[in-house]
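Trainee: Coordinates only, no sequence provided:
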Ligand code: ACO
């Protein structure tokens, strides 16, 4: 049986930056409130001509280049996204076409902010079972397209972007374990309605709705539990983890998970201040940044974790 190893990372952030100051001009909010409650100063927002798949394409090409893999070698594409270009076909199929390849499996995973961690877990199983040899695993979100810019509870928090990894069958250890969980009883705390006409919410605009403080409480509890579960599954100690790469939802949630791991904040990869919450894109965006700036090195142990609407949560322990 093969292991699945990350052999290249890539990412993309749109050029346009929206600062907290901008929100002061359109909403009853302040830079101080947003920064103190979330750790966010600015976020990137896609241009009219861009889309989830166009961001994914750039991130994917960067990851392919880093891995030294040609798109034609890819036999599996999984995109974690909750803001797809179309209801169908999947953003993964649209991306496959943009990459100029065909034939392999391509599908989206809808697991809100845990989309990338879920996609990585699925691709890992494919590779271990011999169902794929070279996979592109992506988290990409055009959150700005599902935000109501008059709702201060949500619009100040989210940003757009894409991150990607190439995952290859390898004899060396790579992904050590992945863990995925969900609890649908919380569906009304964080959701986007379906804009399709004959659904229950006929006529509603498809905007994100979030009961932030309730989400916060469950996220902190759940993420602490998954840290223990991941370490126990690998018989590792907290001190064996070199880097924490968390979903960038809120600096206070991230700090509480770091504390649980006894991990100093210097060993936590943070992008939230400049990128906001990019949902499924946040973990691979942070990973790519830390790989490219030389913080995360080959052979190091990285713990990724995420939590999002569903609720869905998950983790991956990876030897780089
Ligand atoms: N500016 C000013 N005031 C605001 C703003 C804003 N942008 N947003 C909300 N408020 C107000 C509220 O209306 C409320 O006012 P009230 O007391 O008069 O009713 C007050 O601030 C407190 O609101 P809370 O929601 O209790 O604030 P909290 O401290 O919980 O911070 C936040 C809100 C930042 C959203 C936090 O709860 C959070 O980060 N939650 C977790 C989000 C998360 O992890 N989501 C999961 C991933 S996302 C995904 O899956 C798509």
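Mentor: Perfect, I can see it now. Computed from a prediction, not measured in an experiment: that's the story for all the values here. Numbers count the residues shown, from 1 in each chain.
Trainee: How about the residues of the stretch 1-150 of the chain by the ligand?
Mentor: Listed as neighbours of the ligand in the stretch 1-150 of the chain under the rule Cβ under 6 Å from any ligand atom: 29, 33, 34, 37, 38, 112, 113. No exception for glycine: its C-beta is placed from N, CA and C like everyone else's.
Trainee: List only buried entries from those.
Mentor: With neighbours counted by 16 or more other Cβ atoms under 10 Å, those contain buried members at 29, 34, 37, 38, 112, 113.
Trainee: Chain neighbours aside, what residue packs nearest to residue 249?
Mentor: Excluding the flanking residues, the one nearest residue 249 by Cβ to Cβ, 6 or more residues apart in numbering is residue 277, at 5.1 Å.
Trainee: and the one you found, how far is that from the ligand?
Mentor: Using Cβ to the nearest ligand atom, to the nearest Å, residue 277 is found at 6 Å from the ligand.
Trainee: Help me confirm that that residue comes into contact with residue 159.
Mentor: Yes: with contacts counted by Cβ atoms under 8 Å, residue 277 reaches residue 159, the gap being 6.7 Å.
Trainee: Identify the contacts common to the two.
Mentor: 43, 143 (Cβ atoms under 8 Å, 6 or more residues apart in numbering).
Trainee: So these two - more neighbours on which side?
Mentor: residue 159 (30 against 25; other Cβ atoms under 10 Å).
Trainee: which non-adjacent residue is nearest that one?
Mentor: For residue 159, the spatially nearest residue (Cβ to Cβ, 6+ apart) is residue 43, at 2.9 Å.
Trainee: so that neighbour touches residue 18, yeah?
Mentor: Yes: with contact defined as Cβ under 8 Å, residue 43 reaches residue 18; the gap is 5.7 Å.
Trainee: Looking at these two, which one has more neighbours?
Mentor: Taking other Cβ under 10 Å, residue 43 and residue 18 do not tie; residue 43 has more neighbours (29 against 18).
Trainee: mind checking pLDDT for the more buried one?
Mentor: Looking at residue 43, its pLDDT is 98.
Trainee: for it, what are its contacts?
Mentor: So residue 43 contacts 17, 18, 158, 159, 160, 274, 275, 276, 277, 278 (Cβ under 8 Å, 6+ apart).
Trainee: Recalculate using a threshold of 6 Å.
Mentor: Taking Cβ atoms under 6 Å, 6 or more residues apart in numbering, we find residue 43 in contact with 18, 159, 276.
Trainee: Check residue 53 too.
Mentor: So residue 53 contacts 85, 91, 94, 95 (Cβ under 6 Å, 6+ apart).
Trainee: Now do the strands in this structure.
Mentor: In the chain, the strands defined using DSSP state E lie at 3-12, 16-19, 42-45, 76-80, 105-109, 134-141, 161-170, 175-182, 190-192, 208-210, 243-246, 301-308, 312-319.
Trainee: now those as JSON lines including distance to residue 261?
Mentor: Shown next, in JSON lines, are the strands of the chain (distance: least, Cβ to Cβ, whole Å):
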{"stretch": "strand 3-12", "distance to residue 261": "21"}
{"stretch": "strand 16-19", "distance to residue 261": "31"}
{"stretch": "strand 42-45", "distance to residue 261": "26"}
{"stretch": "strand 76-80", "distance to residue 261": "24"}
{"stretch": "strand 105-109", "distance to residue 261": "26"}
{"stretch": "strand 134-141", "distance to residue 261": "22"}
{"stretch": "strand 161-170", "distance to residue 261": "22"}
{"stretch": "strand 175-182", "distance to residue 261": "15"}
{"stretch": "strand 190-192", "distance to residue 261": "25"}
{"stretch": "strand 208-210", "distance to residue 261": "26"}
{"stretch": "strand 243-246", "distance to residue 261": "6"}
{"stretch": "strand 301-308", "distance to residue 261": "7"}
{"stretch": "strand 312-319", "distance to residue 261": "11"}
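Trainee: just those: most buried one?
Mentor: Mean neighbour count (mean count of other Cβ atoms under 10 Å) peaks for strand 134-141 among the strands of the chain, with a mean of 32.
Trainee: How about the contacts made by the residue of the stretch 151-300 of the chain found nearest the ligand?
Mentor: Residue nearest to the ligand within the stretch 151-300 of the chain: residue 212 (2.6 Å; Cβ to the nearest ligand atom). Taking Cβ under 6 Å, 6+ apart, we find residue 212 in contact with residue 153.
Trainee: cool, and residue 140?
Mentor: 52, 55, 56, 79, 81, 162, 281.
Trainee: any idea how far residue 77 is from it?
Mentor: 11 Å (Cβ to Cβ, to the nearest Å).
Trainee: Residue 21 now?
Mentor: For residue 21 relative to residue 77 (Cβ to Cβ), the value is 38 Å.
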